[in-house]
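>>> Whatever this is, show me its structure:
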Amino acid sequence: MSPPNGTIRRPARSRASYLLRRPLAVALWAAALAAPLTAQTTAALTFATDTFESGLAPTREIHVATTGNDTTGDGSVAAPYRTIARATGLATPGTAVRAHAGTYSGGTYLSNLAGTAAAPIWIGGAPGEARPVISGGGEGLHLTRARYLVLHDLEVTGATSNGINCDDGGDYNNEEATRHVVFRGLRIHHVGTGGNQDALKLSGVNDYFVLDCEIADGSSGGSGIDHVGCHRGLIARNRFTRAGTNAVQSKGGSSAIEIRANWFEECGARTLNIGGSTGYEFFRPSLAAPPAINYEARDIRVVANVFIGSDAPLAFVGAVDCVAVNNTIVSPHNWVVRILQETVSSSSYTFAACGNNTVANNIVHYDRGDLSTFVNVGSNTAPASFSFARNLWYNTANPAQSTPSLPVAETGGLYGADPLFASAPLADYRLRAGSPVLAAGASHPLSTTDFLGDTYAAPPALGAFALPVGADYTAWRAANFSGAELANDAISGPFADPDGAGVANFQRYGFALPARGPVAAPVTLGSVTTGGATYLTLTFPRRPSATDLTYVVESSADLVTWVPVPDRTYAPGADPITAQDSVALGDPDSPRRFLRVRIAAP
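Model prediction:
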């Protein structure tokens, strides 16, 4: 199953109610749920992508544990094997090898693992447990000649060479050698010794996915993902931090690879090395003699990513027919784009000059003082064949001097306009309402889904985010949490209480409380006497503006059954509300009376 262009989807958002109750004078302030908590789908990198494993489940499980035994075990939960190698040796189509939490030695070599389209083989962590850690070894894990394989939910660290290596066993011209592989939920970090060692090395891998992975602190001379002769891949929703000299390199005849909705932060000399330099003997397929024209990389599609720092976010190196559209590029250190040629024509083989590549609909947010030049052009390239169109260039140090020097004239560029990020200091590069980049892009077949999985309008916004920030919990969450906390529902989710203050995040949001630290209960119980009768009141603050809040005052006689008080439902607003009950205290038909305010989605 080849990954189609631009088909990343996000599941429907969950809708849950968030409650706050304070019965009479009892100082009770507790969150209750009107619906079960389901997975939040509004944080970055949580939309869905179909792969060949979608909708399938294992028909058999083989268990591995650090307390297991490869000789006396039988792969059951009660008698697991000790090593992944022992378990995978018994894996047949439909098998899931479940490695339970713990630390396992690296250096595992696995070959000829072959599932089927209807029954893949899974290797990964056990559901509901922490990722098992594969530590040390020359390579953490080496896979060769794999088909319909899912490698998931593993942590790999401490390998002296590559973290994970997956290849075709040297069968360079056989597209079936290693095909249909999913890498998802992996964490690969601190591998290599400073040389040319990669977190994820892929050679001759076809029809594959790398999804929801974290690659960090790679070898300074290596790559986060190194493609050599790989074809038809999707790299999506991953986070790369200090991944090496580059985050993703695609060379050796690599083609039809889409790099979409990833976060790249300070990833070395060239965040994306689109092309590169490859020994003739390693190209896949093998090089063709003249008059055929060869290339290092072709049809590499870079869409809706966020780039922070690095010497050059985009390097086209012997690359042809590649596209970089709708990306957000922030604080590049030396260049924005490099156009280079490292593999040149010889008497044996002819190589296309780097050219016919497109850079469009991007936001470039930079300090001119940090740049050497905007575009670095090397020899033996074809810069005049590049296309630059509808990019916004914003020099934060001097917006009036934002117009870049480019190798060709740009079509419809925007210069010096602040893109109005939600919060650049908090690395929140979503767009505020009124941003000049909304609907400012040119239509492009790849401008489909953005960094969050939202759909671009027609015409699309520039950059990695399709829609302006709404006044909702998602925006509040992004403004008050960042990094790993933002992605962790246990810290920044609506029902989380990260400070242990007895106040859930959604309560802080709904009642306009500080996001962190101790706070006083915002709901005050009182009473008012009108016409000789006394009524309970609840006074509470509201959020001034929000699209996902309704405040409903409810009553109960038994703290079990709650009903709305008539005409006591309120929208967000700047002023606090004092809501009066509709039934007087002492009413013979309602001898006991409790009130609460429920914050709910409208």
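
>>> backbone phi and psi for the closest residue to Leu414 other than its chain neighbours, please?
Leaving aside its sequence neighbours, Leu414 sits nearest to Leu392 (C-beta to C-beta, 6 or more residues apart in numbering; 4.2 Å). The way it works is simple: take the backbone N, C-alpha and C, and place the C-beta from them, glycine included. Per-residue torsions, Leu392: phi -100, psi 130 (degrees, to the nearest 10).

>>> show me the contacts for Leu392.
362-364, 413-415, 417, 419, 436-437, 440, 462-463 (C-beta atoms under 8 Å, 6 or more residues apart in numbering).

>>> 10 Å instead, please
Contacts for Leu392 were tallied using C-beta atoms under 10 Å, 6 or more residues apart in numbering; they are 328, 361-365, 402, 413-419, 435-437, 440-441, 462-463.

>>> Farthest from the middle of the protein: give me that residue.
What lies farthest from the middle of the chain is Gly532; by C-alpha atoms, centre = their mean that is 60.7 Å.

>>> residues near the residue lying closest to Ser372 once chain neighbours are set aside, how many?
Ranked by C-beta to C-beta, 6+ apart and with sequence neighbours excluded, the top spatial neighbour of Ser372 is Asn334, at 5.0 Å. As a burial measure, Asn334 scores 14 neighbours (other C-beta atoms under 10 Å).

>>> Am I right that Asn334 is in contact with Val375?
No. Contact criterion C-beta atoms under 10 Å: Asn334 and Val375 do not qualify, at 11.2 Å.

>>> Please identify every residue contacting each of the two.
Ala312.

>>> ok, now how distant is Pro425 from Ala479?
10 Å (C-beta to C-beta, to the nearest Å).

>>> Please read the previous query as pertaining to Ile123.
Counting by C-beta to C-beta, the gap from Ile123 to Ala479 is 39 Å.

>>> Show me what the host helix or strand of Val528 is packed up against.
Secondary structure from DSSP states H and E places Val528 in strand 524-530. When contacts are defined as 3 or more C-beta pairs under 10 Å, 6 or more residues apart in numbering; DSSP states H and E, strand 524-530 packs onto strand 533-540, strand 577-580.

>>> What strands flank it, and is each parallel or antiparallel?
strand 533-540 (antiparallel) (DSSP bridges).

>>> just checking, Arg131 touches Leu154?
Yes. With contacts counted by C-beta under 10 Å, Arg131 reaches Leu154, the gap being 5.8 Å.

>>> Tell me which of these two has more neighbours.
Leu154 (26 against 18).

>>> quick one: that one and Ser135 touch, right?
No. Contact criterion C-beta under 10 Å: Leu154 and Ser135 do not qualify, at 11.0 Å.

>>> now do the same end-to-end measure for stretch 392-403.
9 Å (C-alpha to C-alpha, to the nearest Å).

>>> Report the distance from that stretch to the chain centre.
29 Å (C-alpha atoms, centre = their mean, to the nearest Å).

>>> Now do the buried residues in it.
For stretch 392-403, a neighbour-count test (16 or more other C-beta atoms under 10 Å) marks 392-396, 402 as buried.

>>> Nearest to Ile62 among those residues?
Leu392 (52.6 Å; C-beta to C-beta).

>>> If that closest one is in a bridge, with which residues?
The partner list for Leu392 in beta bridges (DSSP bridges) reads Ile363, Leu414.

>>> From here on, call the first residue 255.
Sure, I'll start counting at 255 from here, so that last one is Leu646.

>>> Compute the distance between it and Asp672, please.
Taken as C-beta to C-beta, the span from Leu646 to Asp672 is 9 Å.

>>> Give me the common contacts of these two.
In contact with both Leu646 and Asp672: 619, 656, 689-691, using C-beta under 10 Å, 6+ apart.

>>> Arg496 against Gly476, yeah?
No. Using C-beta under 10 Å, Arg496 is not in contact with Gly476, being 11.5 Å away.

>>> Can you name every helix or strand that the longest helix along the chain contacts?
Longest among the helix segments of the chain by residue count, using DSSP state H, is helix 727-734. Counting contacts by 3+ C-beta pairs under 10 Å, 6+ apart, helix 727-734 packs against strand 675-677, strand 682-685, helix 737-741, helix 743-746, helix 759-764.

>>> hmm, back to that, buried deepest among the helices and strands packed on strand 778-784, which one?
strand 787-794 (a mean of 18; mean count of other C-beta atoms under 10 Å).

>>> Take the contacts of Leu646 and keep only those in strands.
Counting by DSSP state E, the part of the contacts of Leu646 found in strands is 582, 617-619, 668-669.

>>> between Pro679 and Ala733, who's got more neighbours?
Ala733 (16 against 7).

>>> I'd like to know how far that one sits from Phe765.
Distance from Ala733 to Phe765, by C-beta to C-beta: 16 Å.

>>> now Glu315
Distance, Glu315 to Phe765, using C-beta to C-beta: 46 Å.
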